[in-house]
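Engineer: sequence and computational prediction follow.
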Amino acid sequence: MALIDDTREILAELIAFPTVSRDSNLELIAYAADRLGALGARTAVLTDETGHKANLFATIGPQTDGGIVLSGHSDVVPVEDQDWSSDPFRLRAEDGLLYGRGACDMKGFIAATLAMAPRFAGTDLVRPVHICLTHDEEVGCLGARRLVEEIARWEMRPSVAIIGEPTEMRIIEGHKGCCEYTTVFSGLEGHGSRPELGVNAVEYAVRYVSRLMELRETLKGRAPAASRFEPPWSTLQVGRLAGGVAHNVIPGHASVDWEMRPVSEDDKRFVCEAIGAYVRDELLPDMRRVAPEAEVLTHVIGEVAGLEPVDDNEARRIVAALTGANGADVVAFGTEAGLFQSLGMSAVVCGPGSIAQAHKPDEFVSLDQLSACLDMLGGLARKLSA
């Protein structure tokens, strides 16, 4: 069977696993582990604390340092309230396009990697190839965060990571981080006629948001001179403010959902330290003058490291040689690549399909894009052959 046909069949099976982030991915992980294990790969299924989610880390080739990771996330976004032309969890082929939830984001890359695995297994590799599938990328890269913590404890580590997010097979060497927070305000309820006797949580939430907006403007002046991002500075925005029950009741509780997309870890630290100091030195003292039990707590929903462009990047050199690309770009969307980079690995993002199709109804990947991905992976097998 031709590799593209095998890839298409595997993709159909992967799409049939409805691995929406809120649900388990264990069946898909077991499927991939069985396929790779049958080829002689050394597989490790790393289950999370709930027992309903898992990462897969499979190794083909020698047990040495310096391996190359081919990584993809197994979870997909929901399909509710989307107008699909067909069952989103059943692959549909039409005019060279393969439709289904996760087709490009990012089960197409996983399918191509699994289809190429027999070739890796049949090659006398000089460096190991690690096939990595993670859980819960769409809700904060939770699986990859656990995985890199695990890898950090290993004596033998990979040195290169290729993350197959949909880039139309362009090399991506940089993206901003993505940090999501919920800040909860606990004040003191009371009658609206005596506002001085209560602690209005909504009012303090508004003051908090105002300070965030000041910091947002400050971030514009901190943009690196050579920043290639659009916009070039770190961004900050408020997605939701909630609180209160009635016109005449002083609200005792409020919450603010906000996010930051830093171009550097320094910007992230700057914002977190500045807003933390504002809470500690101004908001809480004001609140506790009336209600000593008042509190402001920030919950980390997700902190995903950005991918920093670097001059010396082996991953970029390898993928450029395999694809013939003459350059590398940066993008606005986030990936797990920065987490692998945080381990000292070189990392790039390169995979089949377009991010423009991701998360939308009738998501698709083209057979041409899958073929280009297979060409890259086949070239990698040849490059690593003894």
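Structural biologist: Sure thing, it's come through.
Engineer: for residue 299, which non-adjacent residue is spatially closest?
Structural biologist: residue 182 (4.8 Å; C-beta to C-beta, 6 or more residues apart in numbering). In this view, the C-beta of every residue, glycine as well, is placed from N, C-alpha and C.
Engineer: my guess is that neighbour contacts residue 256. True?
Structural biologist: Yes: here residue 182 reaches residue 256: they are 7.1 Å apart, a contact under C-beta atoms under 8 Å.
Engineer: would you mind measuring from residue 203 to residue 186?
Structural biologist: Residue 203 is 13 Å from residue 186, where distance means C-beta to C-beta, to the nearest Å.
Engineer: in terms of helices and strands, where is residue 316?
Structural biologist: Secondary structure assignment for residue 316, by DSSP states H and E: helix 314-323.
Engineer: correction: residue 37
Structural biologist: Counting by DSSP H and E, residue 37 is part of helix 26-38.
Engineer: got the contact list for that helix?
Structural biologist: 13-14, 17, 19, 43, 45, 47, 52-56, 58, 60, 74, 110, 114, 117, 131, 133, 135 (C-beta atoms under 8 Å, 6 or more residues apart in numbering).
Engineer: on that earlier part again, so residue 182 and residue 256 - more neighbours on which side?
Structural biologist: Shown here are residue 182 and residue 256; by other C-beta atoms under 10 Å, residue 256 has more neighbours (23 against 16).
Engineer: how close does the nearest residue to the more buried one once chain neighbours are set aside get to residue 258?
Structural biologist: Nearest non-adjacent residue to residue 256, counting by C-beta to C-beta, 6+ apart: residue 183, 4.7 Å away. Residue 183 is 7 Å from residue 258, where distance means C-beta to C-beta.
Engineer: now residue 159
Structural biologist: Using C-beta to C-beta, residue 159 is found at 36 Å from residue 258.
Engineer: between the two, which one's more packed in?
Structural biologist: Legend: neighbour count by other C-beta under 10 Å for residue 159 and residue 258, higher for residue 258 (23 against 17).
Engineer: hang on, the more buried one in a strand?
Structural biologist: Yes: counting by DSSP: H, G, I helix; E, B strand; the rest coil, residue 258 is found in a strand.
Engineer: chain neighbours aside, what residue packs nearest to it?
Structural biologist: residue 238 (4.7 Å).
Engineer: name the element that neighbour belongs to?
Structural biologist: Counting by DSSP H and E, residue 238 is part of strand 235-243.
Engineer: list the pairing partners of the helix or strand that that strand is followed by within its sheet, with orientation.
Structural biologist: Next in sequence after strand 235-243, counting helices and strands by DSSP H and E, comes strand 249-250. If you go by DSSP bridges, strand 249-250 pairs up with strand 190-191 (antiparallel).
Engineer: and the next helix or strand after the strand it pairs with with strand 235-243, angle?
Structural biologist: Using DSSP H and E, the helix or strand that follows strand 190-191 towards the C-terminus is helix 201-220. Counting by axes from the mean of the first three to the mean of the last three C-alpha atoms, to 10 degrees, helix 201-220 points 180 degrees away from the direction of strand 235-243.
Engineer: what comes up buried for helix 201-220?
Structural biologist: Neighbour-count burial for helix 201-220 flags 201-208, 211-212, 215-216, 218-219 (criterion: 16 or more other C-beta atoms under 10 Å).
Engineer: now tabulate these in CSV and tack on pLDDT and distance to residue 102.
Structural biologist: Below are the buried residues of helix 201-220 laid out as CSV (pLDDT from 0 to 100; distance: C-beta to C-beta, whole Å):
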residue, pLDDT, distance to residue 102
201, 98, 40
202, 98, 40
203, 98, 44
204, 98, 42
205, 98, 37
206, 98, 40
207, 98, 42
208, 98, 37
211, 98, 39
212, 98, 34
215, 98, 36
216, 98, 34
218, 98, 39
219, 98, 34
